[in-house]
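Asker: Test case, fold it:
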Amino acid sequence: MNRPLALVLMTLTVLAPFTVQTQANQSSKDYLVCWALPGLMARFHDNHVEFQTETTALEQRLVELYSKRMDPSKVLLLQDDFDALKKKVGEGLANAREGRCDFFDWLKVEQVRWQDSMEAYVKEAMADPKLQIDRDLTLQVDPDKRMRPKTAAERDQIRRKLLHFQLANYVAGGTELSAAKKKLVHRYELITRRVKEQSKADVYSGFLNTFANALDPHSTYFSADDLEDFRISMDLSLEGIGAVLSSRDGYTTVREVVPGGAADRQGDLKTKDKIIAVTQMPDGESVDVIDMSLRDVVKKIRGKKGSQVKLTVLRKGERTETLHIVITRDKIDLKEQAAKLKWESVKRGGQTLKIAVIQLPSFYGGDRARGARNCTDDVKQLLKTAQDENADGLVLDLSRNGGGLLNAAVDISGLFLAEGAVVAIDGNPSNKKVLNDDDESIHFGGPMVVMTSRASASASEILAGALKDYQRAVIVGDDHTFGKGTVQNIVSLPQGLGALKVTTAHFFRPGGESTQHSGVTSDIIVPSAFNNDEYGERHQTYALPPRAVESFRSSRVNAAEKSQRWVPVTASQLKKLRASSQARQTQDEELKKIVANLEKRAKNKGVIKISEILDDPENKGDAEDDDTPKDDDKLSPRVKEGIQILADLIKSST
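Answerer: So this is what the prediction gives:
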């Protein structure tokens, strides 16, 4: 089924240790407590690029944002209720700055009351045996574009539309209406349950997240669990069973068994298995995990290498089976999330060109001493393979790369340049620092195309921006990249308290431009589903304004020896490449469909009709297939066109 695309941005991070003073009697295993909030808020201020002190405007932003997060869909509170909440939130947050947190206890009681009311409404609506999905209803999917209801009747109208929208999604996925009603009731029961189960540490963590987001959209608080997930995403390795899990309707489902992982070697766990219980071997008790949050289920399944865990799973076939599977945990190398090399061939003028395609999903990297993967090492090895196999050109695909490590972006840029300035960072107070590639060697000097999209962010924009400013590659993709031009720093906290992620600086391309808001523009536009104004930094709440510095381009980025030099891309070449690409795109049915969908989305402005969900052929099929992994081995039509552009570039350079 069609869903709103989620843009997940990994941080552009400078990993730097930092310690806060704690009370002497605090155990390192303690969770976040109320008295710690003022100190942690002060740490955010101490490190932030713009807001070093509390201001009235910042306080108002925090009140507005925190209040909105109590009812983001605008289905719980009337306008008068929301205004009263904001007043109460303002008073409560002022107390929180002094380490007094009675407000949060009051708020949790209110949240439960609001959610109980919503759950009761859903149950009453779904109990109507005559209820059918109203095909003529329309819904503004983006809550920010909906007015907050002023009367109970207006609120019920929004609720009704939302419920019919959710039912339509179930039915379009292959669920019978009667079963869809039950699933929807259960969904809201789980929401209420999650609110009731919040610990004080969860509540304080949510508040700190909101406080950080009021500074800018990329500052945040990492709980201990969040920090572990972040480190795994950087290392691309963990110790566990080797399975990708998802959660739906209270069931934790196996989305993918990681090839070569512990579960794969054991052989019994299958995709679509529903995990209903987890037992720590050899003598732990079986724990029912139905309706448990996905994070808590994952915590129970992960564990040290060599230990064992027993999963009780439901498997649907001709009949539903209950199986007990014992798996010995092991180290998992998440190689499917690492850089990959593919080969394609294209004919031009009677010649068959050999094209290397490198997909780089993120700028990952951890401690090499611990065996963590590093994207620079991986890309360097793939480039060696490309050189050894005599690649005629290279497509570097960053179109789904949301960022990662700052140093990795600099190092990988240097693989295509001789030496020189790649990026500058500047904080507050202003102290511009230029980061250089000091390695004179060029690991690939042939023609290049860099694929981007509006989902390409942060470190991706550093790499794409440097190669564009030095005319090293042709940038192909959406009109521009995401537009995140800020640097975040990890501020360490005592064990068990997690960490702060704080925006500490802006970064700048060699030409002096910031990517903040504007991103890196494409030389040739080949649009993706992201290519609309819903995606981009400038549309993020409280995004920092852009800056600019003087150009700091280096003159040493090309090889000293003529035989090793790469050929700069010229304006005249780009004009010809653009014309050839546009001619192909008008004939490509897949690319034409993307454009048509973008135009339709722009015309509808986020409003969707229920009948469109039910009638869309792509929505038909088994609802259990929703989380089935996509075929990453199949090149997108955009990358195929990027390959054609590269072939044109190769021929124009010879």
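
Asker: Strands of the stretch 151-300 of the chain, start to end?
Answerer: Applying DSSP state E, counting those that start in this stretch to the stretch 151-300 of the chain gives strands spanning 220-222, 237-240, 243-248, 251-257, 274-280, 287-288.

Asker: For residue 607, find the nearest of the ones you listed.
Answerer: Across the strands of the stretch 151-300 of the chain, residue 607 has its closest neighbour in strand 243-248 (26.0 Å, C-beta to C-beta). Where you see a C-beta, it was placed from the backbone N, CA and C, and this is true even at glycine.

Asker: in the closest one, what's buried?
Answerer: 243-245, 247 (16 or more other C-beta atoms under 10 Å).

Asker: Number of residues surrounding residue 599?
Answerer: 11 (other C-beta atoms under 10 Å).

Asker: ok, back up a step: of the strands of the stretch 151-300 of the chain, which approaches residue 102 most closely?
Answerer: Across the strands of the stretch 151-300 of the chain, closest to residue 102 is strand 220-222 (C-beta to C-beta), at 21.1 Å.

Asker: Contacts for that closest one next, please.
Answerer: Strand 220-222 is contacted by residues 40, 205, 208-209, 211-213, 230, 490, 498-501 when judged by C-beta atoms under 8 Å, 6 or more residues apart in numbering.

Asker: Just the closest of these to residue 417, please.
Answerer: residue 490 (27.9 Å).

Asker: Assign the closest one to helix, strand or coil.
Answerer: What DSSP: H, G, I helix; E, B strand; the rest coil gives for residue 490 is strand.

Asker: Kindly provide the distance from it to residue 422.
Answerer: 21 Å (C-beta to C-beta, to the nearest Å).

Asker: So between those two, which is more surrounded?
Answerer: residue 422 (29 against 21).

Asker: My guess is the more buried one contacts residue 508. True?
Answerer: No - contact criterion C-beta atoms under 8 Å: residue 422 and residue 508 do not qualify, at 10.5 Å.

Asker: Residues touching the biggest helix by length in the chain, excluding its own?
Answerer: When the chain is parsed with DSSP state H, its longest helix is helix 102-126. With contacts defined as C-beta under 8 Å, 6+ apart, helix 102-126 is touched by 34, 70-71, 75-77, 85, 88-89, 91-93, 95-96, 131, 156, 159-160, 163, 181-182, 184-185, 188-189, 191-192, 195-196, 198, 200, 203-204, 207.

Asker: Stretch 44-61 now?
Answerer: Identification of contacts with stretch 44-61 by C-beta under 8 Å, 6+ apart yields 18, 90, 93, 97, 211-212, 214-216, 219, 427-428, 486, 489, 491, 500, 502-506, 542, 544.

Asker: With pLDDT as added columns, please give the contacts of strand 220-222 in TSV.
Answerer: TSV is the format used below for the contacts of strand 220-222 (pLDDT from 0 to 100):
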residue	pLDDT
40	95
205	94
208	96
209	96
211	97
212	97
213	97
230	83
490	92
498	90
499	93
500	95
501	95
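
Asker: Tabulate those (a markdown table), appending distance to residue 557.
Answerer: Shown next, in a markdown table, are the contacts of strand 220-222 (distance: C-beta to C-beta, whole Å):
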| residue | distance to residue 557 |
| --- | --- |
| 40 | 42 |
| 205 | 45 |
| 208 | 42 |
| 209 | 41 |
| 211 | 42 |
| 212 | 37 |
| 213 | 38 |
| 230 | 33 |
| 490 | 30 |
| 498 | 40 |
| 499 | 36 |
| 500 | 36 |
| 501 | 32 |
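
Asker: Among those, name the buried ones.
Answerer: For these, buried by 16+ other C-beta under 10 Å: 40, 205, 208-209, 211-213, 230, 490, 498-501.

Asker: Now for the residues you listed: which two are most distant?
Answerer: 211 and 230, at 18.8 Å, using C-beta to C-beta across these.

Asker: Count the neighbours of residue 159 for me.
Answerer: For residue 159, using other C-beta under 10 Å, the count is 19.

Asker: quick one: contacts for the spatially closest residue to it that is not a sequence neighbour?
Answerer: Once flanking residues are discounted, residue 159 sits nearest to residue 75: 5.1 Å by C-beta to C-beta, 6 or more residues apart in numbering. Taking C-beta under 8 Å, 6+ apart, we find residue 75 in contact with 118, 155, 158-159, 162.

Asker: so which of these would you say is closest to residue 289?
Answerer: residue 118 (25.2 Å).

Asker: Quick check on the residue lying closest to residue 372 once chain neighbours are set aside: phi, psi?
Answerer: Leaving out its chain neighbours, the residue that sits closest to residue 372 by C-beta to C-beta, 6+ apart is residue 366, at 2.7 Å. Phi and psi for residue 366, reported as degrees, to the nearest 10, are phi -130, psi -160.

Asker: And the pLDDT for residue 366?
Answerer: Residue 366 is assigned a predicted lDDT (pLDDT) of 76.

Asker: On the three-state scheme, the residue nearest to residue 159 is what?
Answerer: Classification of residue 75 by three-state DSSP places it in coil.

Asker: From residue 263, how far off is it?
Answerer: 39 Å.

Asker: shaky segments in the stretch 301-450 of the chain?
Answerer: Where the stretch 301-450 of the chain drops to pLDDT under 70, the residues are 369-371.

Asker: go with 90
Answerer: Filtered on pLDDT under 90, the stretch 301-450 of the chain yields the residue ranges 302-303, 314, 316-322, 331-338, 349-350, 365-373, 428-432, 438-440.

Asker: Tell me where it has helices.
Answerer: 375-388, 406-414 (DSSP state H, counting those that start in this stretch).

Asker: which strands and helices sit next to the last one?
Answerer: Judged by 3 or more C-beta pairs under 8 Å, 6 or more residues apart in numbering; DSSP states H and E, the packing partners of helix 406-414 are strand 13-16, helix 375-388, strand 420-426, strand 433-437, helix 459-469.

Asker: dump the residue contacts of residue 305.
Answerer: Residue 305 neighbours (C-beta under 8 Å, 6+ apart): 239, 329-331.

Asker: Just the ones of these in strands?
Answerer: Counting by DSSP state E, those place 239, 330-331 in strands.

Asker: Tell me the one among the residues you listed nearest to residue 301.
Answerer: Within the ones in strands among the contacts of residue 305, distances to residue 301 taken as C-beta to C-beta reach their minimum at residue 239, with 11.0 Å.

Asker: about what we covered before: dump the helices and strands packed on helix 406-414 to TSV, plus distance to residue 336.
Answerer: Formatted as TSV, the helices and strands packed on helix 406-414 follow (distance: least, C-beta to C-beta, whole Å):
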stretch	distance to residue 336
strand 13-16	22
helix 375-388	13
strand 420-426	28
strand 433-437	29
helix 459-469	19
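
Asker: which of those is buried the deepest?
Answerer: Neighbour counts (mean count of other C-beta atoms under 10 Å) averaged over each of those peak at helix 459-469, with a mean of 28.
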